[in-house]
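Enquirer: here is the input, now give the coordinates:
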Amino acid sequence: MGYEVRKQQEVSAREKTRIKRSWKHVIHKAIQWRKMLDDVAVRSLSEIAGKEGLTRARVTEIMNLLKLPVEMREFLLELEDAKEIRKCSERRLRTSHSGKYPLLESYPRSNE
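Expert: Below is the predicted model of the structure:
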């Protein structure tokens, strides 16, 4: 078997095993971690940080997304498009939640 044929087979095998990245908002992680804490699968945010390879401060930032209003959390959970997910970055969410609300125009409001 020639070098080119083997090389092509290796590339083909790698492509088959490559995991397609699905874009999800980081709030999904926060919900997963909350469930782990509730189920006592982990005892603390520090333990989650160690397992995820993150700092405890970063885990706390992500967990704080659960403090967003219910409507906003539901909106974030429904996002599937990578561009839309990036538009709703944590930084923008923290800014909007602190009282400036630039994001609220882009998400559906309940009928008042």
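
Enquirer: tell me where the chain has helices.
Expert: Shown for the chain, the helices assigned by DSSP state H span residues 3-17, 27-38, 45-52, 56-63, 70-78, 82-87, 90-95.

Enquirer: export those helices to TSV and tack on mean pLDDT?
Expert: Below are the helices of the chain laid out as TSV (pLDDT from 0 to 100):
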stretch	mean pLDDT
helix 3-17	58
helix 27-38	95
helix 45-52	94
helix 56-63	93
helix 70-78	91
helix 82-87	88
helix 90-95	77
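
Enquirer: rebuild the ones you listed as JSON lines, extending it with mean neighbour count.
Expert: C-beta coordinates here come from the backbone N, C-alpha and C atoms, glycine included. Output for the helices of the chain, formatted as JSON lines (neighbours: other CB atoms under 10 Å):
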{"stretch": "helix 3-17", "mean neighbour count": "9"}
{"stretch": "helix 27-38", "mean neighbour count": "15"}
{"stretch": "helix 45-52", "mean neighbour count": "16"}
{"stretch": "helix 56-63", "mean neighbour count": "16"}
{"stretch": "helix 70-78", "mean neighbour count": "15"}
{"stretch": "helix 82-87", "mean neighbour count": "12"}
{"stretch": "helix 90-95", "mean neighbour count": "14"}
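
Enquirer: tell me the contacts of residue 60?
Expert: Counting by CB atoms under 8 Å, 6 or more residues apart in numbering, residue 60 touches residue 45.

Enquirer: give me the distance between residue 81 and residue 72.
Expert: Using CB to CB, to the nearest Å, residue 81 is found at 17 Å from residue 72.

Enquirer: same question for residue 93.
Expert: 8 Å.

Enquirer: try residue 34
Expert: 16 Å.

Enquirer: next: residue 31.
Expert: 14 Å.

Enquirer: ok, now residue 62?
Expert: Using CB to CB, which is the criterion applied here, residue 62 is 15 Å from residue 72.

Enquirer: same question for residue 33.
Expert: From residue 33 over to residue 72 (counting by CB to CB), the distance is 18 Å.

Enquirer: just residue 54 next, same as before
Expert: With CB to CB as the criterion, residue 54 and residue 72 are 23 Å apart.
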